[in-house]
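Novice: Got a predicted model here, sequence first, then my questions.
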Amino acid sequence: MKRIVVLGSGFGGMHATIQLERQFRRDPETEILLISDQNYILFTPLLPQIVSSYTNPRHIVQPVRDLRGRKRFRFRRDTVRSVDVGRRELTLGSGTLEYDSLIVALGGRSETFGIPGVRENTWDYKTLEDAVALREHVLDLCEHADHTADVELRRAMLTFVVVGGGYTGVELICELRDFLFDNVAKRYRGIPREDLRLVLIEATPQILGGIAPQLAQHSRKRLDRGGIEVRTSARVTRCLPEGVEIGGQELISSETLIWAAGVRAHPFVESLPGPHDRIGRAVVSNTLQLEGHPEIFVVGDSAAALDAMGAPRVAPVAIEQGRIAGRNVAHAARGEPLESYEYKSKGMLVSLGMNYAVVQIGPIKFSGYFAWLFWNALHLYLLVGLQKQLQVATDWLLGFFFPRDASIIRRPERCRFCELESAKANAAVETPTAG
C-alpha cells in the first residue's frame, strides 16, 4: 500500500487532494490522506466581511468531511511537528506517520520584519479566529467609547490602524469604514462621527502593489474621499500598547493596530532541507518538487517556484499549484513526464467597500458599482457548495435592509479597559465598609 499525504486544508491542499482523488480513483493500493489542524476549508477572500459583521463566520467555512462526500481520501485533524525526509516519516501531534509522497500546503503566517512589539501589540489577521476576535475587539472599544468623557482617550479608542496596503489591508479598512461610519456612528449616541479615525499605513510609495498603477491611484483617491487616512512611504518602527511609531518619531495613538503587512512561510516549511527565499518559502523546481527530494511537493504560500518567484501569494496561485502537484504525483508514479508551473495572472479584484470595487482582467480595467457586482458574483461562484453560496448571498441581501449585528458574543480579549473596570469592581467588594 502506497501512502500519499497532503498537509494543509487550504486552497492548495484541498485542490491537490481532489486532483489526487481523480488520478487514483481506481487504484485501491494507493491511500490518500489529508492532514490539517482545522477540519474545514476557509474562504479567506471574505474574511474582511467577518470583521464588519456583513457575513456570518460559519458561512465562509466548509467542513472537509462535507466536501469529501463519497470520495475515498481520508482526513485526519492533527498537527504536523516535523519531518524526517530520509526516513520519509512525519511527526504529528498524535505520533509518527510514514509516507511515500508528500504535498506541503501549509500556507503562511504574519511576517513581523523584526519590528519590536508586533507580536505583543497588534492584531493578527490570518484565520477565522483572528477575524472573529478582531470584530469583538472593535465592538468592545465602541461600547467603552460610547460612555467615555475624556475626549483624547475616546479618540484613541476610535482610531483604527491597519499596517499593510496590500489587498488584504485595503479591503479590511474599507469594510471597517462601512461598519463604523454607516452603523456605529448612527447607533452609538456617545460616539461623534468626527472622532472615528481610520489609518492605512504602507511602507512603499503606493498601495495595492501588483495592480495597474492607474487603478491603484484611483483606489487611493477613493479611500481619501471615504475618510480613510492613507500614509504611504511610512515605515513602522515600533508597535506599542498605546499606538504605532512611524519613522522613529511620529506616534499615532490607537487601541487597535491590525497587522496585514506581509506573509512568512510556515515554521514546518522553513525546517525543510534545501534553499529558501527571504521569507522562508521553500525554493522548488518548476515541477514544484523540493531539491534533492522529488517525492516532496510544495505549493501555495509555502513555495517559491524557480521560474515564478514573483507570483503573488493569492488563492488562484495556490489552487493552480495544488492541482499541478496532485497530477505530478500521479505522473511520477506512472513514469510519465511531469508538468511545470508557469504563473499567468488571471486578474486582480479589490473591493473598496459597499458598492465599489476595482477590477483588472488582462487589458480590461474598470471600477465602480458594476465592478463591485462582478466582485460579488465571482466570489459567490467560487464559494464551495450551494449551501454556502445561498447563506452568503442571504447575508448580503439582509445587509441592504437591516443594521449589521453589533452583538459581542465572547468576552473580549486583551482589553485593558475591561481589566481596569474589573479591578475597580473587585477592589470595591474587598474594601470593608465603615461601622
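Specialist: In hand now; what should we look at?
Novice: Could you chop the chain up by domain?
Specialist: 2-37+78-110+263-334, 118-262 (automatic domain parsing).
Novice: Show me the strands in the stretch 201-350 of the chain, by range?
Specialist: All strands of the stretch 201-350 of the chain, identified by DSSP state E, counting those that start in this stretch, fall at 228-231, 236-240, 243-246, 250-253, 256-259, 263-265, 282-284, 289-290, 293-298, 303-305, 348-351.
Novice: which SS state does the residue nearest to H218 when sequence neighbours are not counted fall under?
Specialist: Nearest non-adjacent residue to H218, counting by C-beta to C-beta, 6 or more residues apart in numbering: S367, 5.9 Å away. (Glycine included, C-beta is placed from N, CA and C.) Three-state call for S367 (DSSP: H, G, I helix; E, B strand; the rest coil): strand.
Novice: Could you check how far S367 is from G227?
Specialist: Using C-beta to C-beta, to the nearest Å, S367 is found at 19 Å from G227.
Novice: When those two are compared, which one has more neighbours?
Specialist: S367 (19 against 14; other C-beta atoms under 10 Å).
Novice: My guess is the more buried one contacts Q360. True?
Specialist: No: no contact is recorded between S367 and Q360 when judged using C-beta atoms under 8 Å, the distance being 9.4 Å.
Novice: hey, what's in contact with both of those two?
Specialist: L215 (C-beta atoms under 8 Å, 6 or more residues apart in numbering).
Novice: what's in contact with stretch 218-229?
Specialist: By C-beta under 8 Å, 6+ apart, the list of residues contacting stretch 218-229 reads 170, 173-174, 177, 181, 196-200, 206-208, 211, 230, 232, 350, 352-353, 356, 358, 367.
Novice: Filter these down to just the buried residues.
Specialist: When the contacts of stretch 218-229 are checked for burial by 16 or more other C-beta atoms under 10 Å, the buried set is 170, 173-174, 177, 181, 196-200, 206-208, 211, 230, 350, 352-353, 356, 358, 367.
Novice: Any regions of this structure where pLDDT drops low?
Specialist: The model of the chain has pLDDT under 70 over residues 421-426, 428-435.
Novice: still on that earlier bit, so which of the contacts of stretch 218-229 sit within helices?
Specialist: Counting by DSSP state H, the contacts of stretch 218-229 place 170, 173-174, 177 in helices.
Novice: Quick check: the farthest pair among those residues?
Specialist: Using C-beta to C-beta, those reach their maximum pairwise distance at V170 and R177, which is 10.7 Å.
Novice: Not counting its neighbours along the chain, what's nearest Q214?
Specialist: Nearest to Q214 is K365, by C-beta to C-beta, 6+ apart, at 7.1 Å.
Novice: circling back to that earlier point, can I get the domains of the chain in a markdown table with distance to Y54?
Specialist: Listed next are these as a markdown table, based on distance: least, C-beta to C-beta, whole Å:
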| stretch | distance to Y54 |
| --- | --- |
| domain 2-37+78-110+263-334 | 19 |
| domain 118-262 | 7 |
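Novice: quick one: the strands in the stretch 51-200 of the chain?
Specialist: Going by DSSP E, counting those that start in this stretch, the stretch 51-200 of the chain shows strands at 61-63, 74-77, 80-84, 89-92, 95-98, 101-104, 108-110, 159-163, 197-201.
Novice: Extract the CA atoms of the fourth one and return them as CSV.
Specialist: Written as CSV, here are the backbone C-alpha positions of strand 89-92 (Å, rounded to 0.1, in the frame of the first residue of the first chain):
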residue,chain,number,x,y,z
GLU,A,89,8.4,10.0,8.3
LEU,A,90,6.2,12.7,9.7
THR,A,91,5.9,13.5,13.4
LEU,A,92,2.4,14.5,14.3
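Novice: Tell me which strands it pairs with, and in which orientation.
Specialist: Using DSSP bridges, the strands paired with strand 89-92 in its sheet are strand 80-84 (antiparallel), strand 95-98 (antiparallel).
Novice: okay if I get these as JSON lines plus mean neighbour count and distance to L34?
Specialist: As requested, the strands paired with strand 89-92 are exported to JSON lines (neighbours: other C-beta atoms under 10 Å; distance: least, C-beta to C-beta, whole Å):
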{"stretch": "strand 80-84", "mean neighbour count": "16", "distance to L34": "12"}
{"stretch": "strand 95-98", "mean neighbour count": "12", "distance to L34": "12"}
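Novice: mind putting the ones you listed in TSV, distance to I50 included?
Specialist: Formatted as TSV, the strands paired with strand 89-92 follow (distance: least, C-beta to C-beta, whole Å):
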stretch	distance to I50
strand 80-84	26
strand 95-98	33
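Novice: Out of those, which gets nearest to V6?
Specialist: Once the strands paired with strand 89-92 are compared by C-beta to C-beta, strand 80-84 is nearest, at 10.9 Å.
Novice: Number of residues surrounding V184?
Specialist: V184 has 23 nearby residues by other C-beta under 10 Å.
Novice: List the contacts of it.
Specialist: 142, 191, 196, 406.
Novice: From L176, how far off is it?
Specialist: Distance of V184 to L176, given as C-beta to C-beta: 10 Å.
Novice: List the contacts of the residue nearest to H218.
Specialist: By C-beta under 8 Å, 6+ apart, S367 lies in contact with 215, 218-219, 222, 356-359.
Novice: From N376, how far out is it?
Specialist: 14 Å.
Novice: Excluding covalently adjacent residues, which one is nearest to I173?
Specialist: V162 (4.6 Å).
Novice: Tell me what the one you found is bridged to.
Specialist: Those that pair with V162 in a beta bridge, by DSSP bridges, are L200, I258.
Novice: neighbours around it, how many?
Specialist: 27.
Novice: which residues does it contact?
Specialist: 169, 172-173, 176, 198-201, 258, 260.
Novice: before we move on, back to that, okay, the contacts of V184 in JSON lines with distance to A265 next?
Specialist: Shown next, in JSON lines, are the contacts of V184 (distance: C-beta to C-beta, whole Å):
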{"residue": "C142", "distance to A265": "36"}
{"residue": "I191", "distance to A265": "41"}
{"residue": "L196", "distance to A265": "36"}
{"residue": "A406", "distance to A265": "37"}
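Novice: if I pick the closest residue in space to E291 that isn't next to it in sequence, what's in contact with it?
Specialist: Closest residue in space to E291, ignoring its immediate chain neighbours: G274 at 4.1 Å, by C-beta to C-beta, 6+ apart. Residues near G274 by C-beta under 8 Å, 6+ apart: 282-283, 290-293.
Novice: and what of S101?
Specialist: The neighbourhood of S101, defined by C-beta under 8 Å, 6+ apart, consists of 2-5, 295-297, 329, 332-333.
Novice: cool, E21 as well?
Specialist: Counted by C-beta under 8 Å, 6+ apart, E21 has contacts 32, 71-73.
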